[in-house]
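[1] 3D model of this:
(3 chains)
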Amino acid sequence: MEPIDGDGILNLFKTRMGGAILSSHVDTYVNGVRKKKLQTVWVRVPRESLREAVSLVLEMQAPAHIAVASGSDLGNDIEVLYHFQVFWGFKRESTVSVTIGTTCPKSDPHLPTISDLVPGALITEREKQEFLGIIIDGIPDPRRLFLVDNIPEGKHPWRKDEKGVQDMVRNVHEGGD
Amino acid sequence: MAGKSYTLPIGPVHPALKEPTMFKLTVEGEIVTAVDVQPGINHRGIEFIGMRRNPLQVLHLAERICGICSIVHQYSFALASEKAAGITEIPERAQYIRTIMAELERVHSHLLWAGVAAHELGFDTLLHWTWQLREWVQDVLEIISGNRVNYAMYIQGGVRRDISPEVIQKLKVMIADYRAGIDQLCKAFTDDRVFRHRTMGVGVLTYKDAVETCAVGPTTRGSGVHKDVRIDQPFGGYADLDLDYCLPEKMGYENNGDTYAKTLVRLQEVVQSLDIIEFCLDNMPPGPIRWESNMTKLLQHMKKAEGEALGLNEAPRGEMIHYVKLNAGDENVSIWKVRASTYNNILAWTKMLPGCQIADVSIIAAAVDPCIGCMDRVTVVDQDTGKEKLFSNEDFYRASIRKTRAYQRKVSP
Amino acid sequence: MKFNKTFDRALWVFHLNTGSCNGCDIEIVAALTPRYDVERFGLKLVGSPRHADVLLMTGPVTRAMAPRVERIYRQTPEPKVVMVIGNCGCSTGVYYESYNILGPIDKFLKNIDPDVKIIYVPGCPPRPEAIIDATAKAWLVLEGLRGDA
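    Modelled structure (predicted):
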């Protein structure tokens, strides 16, 4: 597919996914003396539509480039944001960052895997599992990644509830051990 | 396959990653058949610490994620947090100074890498020579910022220090010196028959694997992939430049993704960085260097701000991304996610290492540009007898040197 | 342990990263390369702690590194000196209040060996000149351990 700009990408999402989109917007920034445009597209969908949204990214450019997935604890829910770069390598300034966000409730912390669609997502999915305490259904390699030797199972550094690591913090400057 | 299979853990210390890596290689005889990467030994929980501090404090923390990419981490965090806070009018002069600093870092980082690569092959003369060349850019960085590693140049909405006309003169002298010396350095790598033997066809990352694993930076450009944030999504001063991807074909080599191709990419990028710095110095716009020079006001603004944004950047090792979310009324950074370049190159290792010899592991792992110098030990576990044999980094390095010497004997008349 | 005076000049060092950002590590290498060239003082980087007189440690001790730091410290033969390079090794620096950092190196080593000899080299990162200066201090410490043998 030929590169389109951020507004075009958002329109494509709206026409193809319609009511499934919970919220969306495009951020535009200008850079340099020549004031060139740089765009970021944000789309939030329910978890049932996550794979559909990722498939749409693949339709725009395959294989897709996922930069990383970030995540946060929203209280009752856990949010995961998948940051894609689409239209890389076409020409100057053609790339647009597309972020697809989704949530899952803490009572049922499951998300579908996207690593069959985007193989490069494996590392970041493994990281999300251990840092947020969610379960990625269908992940080909469910082992822990960064925290194997570090913190016990069941503790997740980015959680802000009892599963978090606040009690493991050592305030070295206070002189305690 | 016949024969015994061994597991070779390499690690754990591996500092160029945010979290250093431990490799577990499965070897049959001399040949690596599979590789598993287990990072996390150096995990300091920086994102967690950052979420307990305010955006101005996190600038200094971001800088200390990595001592080699200190500028780009701070740059990415500044970009992400100023966008999240709605600060979009960055003074043009500040954008140019930001670009100059980022490119100075690329020069020092690529020279550092070239030295380390030479060291891994037992070519220590070249290590000492490239590191001596690297001191010139270190001198300039020190003149600009006052420190050799952590420069504290970036702040939300601009930069902390201006580049004065005297420093511009020093920068120009440095560029001229490098232009005179860089050809000789390139020749030392490209004309050396042993270097060519040890790197050509070694650690091949195919185009298909490079795009599928989402590899970034020189690792992927060596395979001919057109990915470079400075060109795809130009930010700051890069928006005014007309850059082109540095690919091995420009130096008359195939884009085949081997270690030699990656070396050529980095050598070209040093020259490209000099061009960028020169352009920025010649076209530097006048004007202020900060959006808000009063720190307290800036902090108050960030405290009231609400929003989320991405900070993308091309680090010497490839694309780097920071995600920042600020909530109104929350003094701290609410959400901070850091993704350094080598994180995306972990999967590339699992494609590059299988099929290689043990003696080539150190140069292939180094080709991605983590600092391999700190691998402190390797244990060989004999799966049949369960006996453990300690295999140190030094043994690895010696195996690599033995291979170099063998080639030297072969190629010398 | 006492040792004779031929032992305390050409120091062999082993470099251990206990969780640092790499900044101090590159300054150590910079100190070895031609501009600063500590090898002219007989200093040599070795690949095994069993060959070392001095342990160069950089960075705060992370949870995963803690058992490895202890093992490497015990593997180093007596007499030995530890040089802690950088602020975060001296005091954990910017990484305070993390869940995964056990503390500065000195606290950690004093639990293993109460008589440990530590030379602190503050700075973020310390300049190569500071590292050379610390080497001179390591000589003094080792001279203090000299016996009649």
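
[2] Against B:Gln184, how distant is B:Asp191?
    Distance of B:Asp191 to B:Gln184, computed by C-beta to C-beta, to the nearest Å: 10 Å. (C-beta placed from N, C-alpha, C; glycine too.)

[3] same check, this time on A:Val80
    To B:Gln184, A:Val80 is 50 Å away according to C-beta to C-beta.

[4] what about the residue positioned nearest the centre of chain A, which SS state?
    By C-alpha atoms, centre = their mean, chain A has its centre lying nearest to A:Tyr82, at 2.1 Å. Remark: A:Tyr82 carries the secondary structure label strand [criterion: DSSP: H, G, I helix; E, B strand; the rest coil].

[5] Which of A:Val80 and B:Gln184 has more residues huddled nearby?
    More neighbours surround A:Val80 than the other of A:Val80 and B:Gln184, with 22 against 10 (other C-beta atoms under 10 Å in any protein chain shown).

[6] Once you drop chain neighbours, what's closest to that one?
    A:Gly71 (4.4 Å; C-beta to C-beta, 6 or more residues apart in numbering or on different chains).

[7] cool, and A:Trp158?
    A:Phe131 (4.8 Å).

[8] before we move on, what about A:Tyr29?
    Using C-beta to C-beta, 6+ apart, the closest residue to A:Tyr29 is A:Leu38 (4.7 Å).

[9] roughly how far apart are that neighbour and chain C?
    Remark: distance between A:Leu38 and chain C (C-beta to the nearest C-beta, to the nearest Å) = 29 Å.

[10] My read is that that residue contacts A:Gly32, right?
    No. Checked against C-beta atoms under 8 Å, the pair A:Leu38 and A:Gly32 is beyond contact range at 9.8 Å.

[11] Please identify every residue contacting each of the two.
    Taking C-beta atoms under 8 Å, 6 or more residues apart in numbering or on different chains as the criterion, A:Leu38 and A:Gly32 both touch B:Pro234, B:Ala239.

[12] Quick check: residues of chain C near chain A?
    C:62-64, C:91-92, C:96-104, C:107 (C-beta under 8 Å from any C-beta of the partner chain).

[13] Angles on the backbone of B:Glu298, please.
    Rather than Glu, residue B:298 is Leu. When read as degrees, to the nearest 10, the backbone of B:Leu298 gives phi -60, psi -40.

[14] hang on, B:Thr125 in a helix?
    Yes. B:Thr125: assigned to a helix according to three-state DSSP.

[15] ok, and the closest non-adjacent residue to it?
    Per C-beta to C-beta, 6+ apart, closest to B:Thr125 is B:Ala118, 8.0 Å.

[16] got the contact list for the one you found?
    B:Asp124, B:Thr125, B:Leu126, B:Leu127, B:Thr130, B:Phe189, B:Phe195.

[17] for A:Ala69, helix, strand, or coil?
    strand.

[18] correct me, but it touches A:Ile123?
    No. Judged on C-beta under 8 Å, A:Ala69 makes no contact with A:Ile123 at a distance of 9.7 Å.

[19] about what we covered before: narrow the residues of chain C next to chain A to those in helices?
    Mapping these onto helices (DSSP state H) picks out C:Ser91, C:Lys107.
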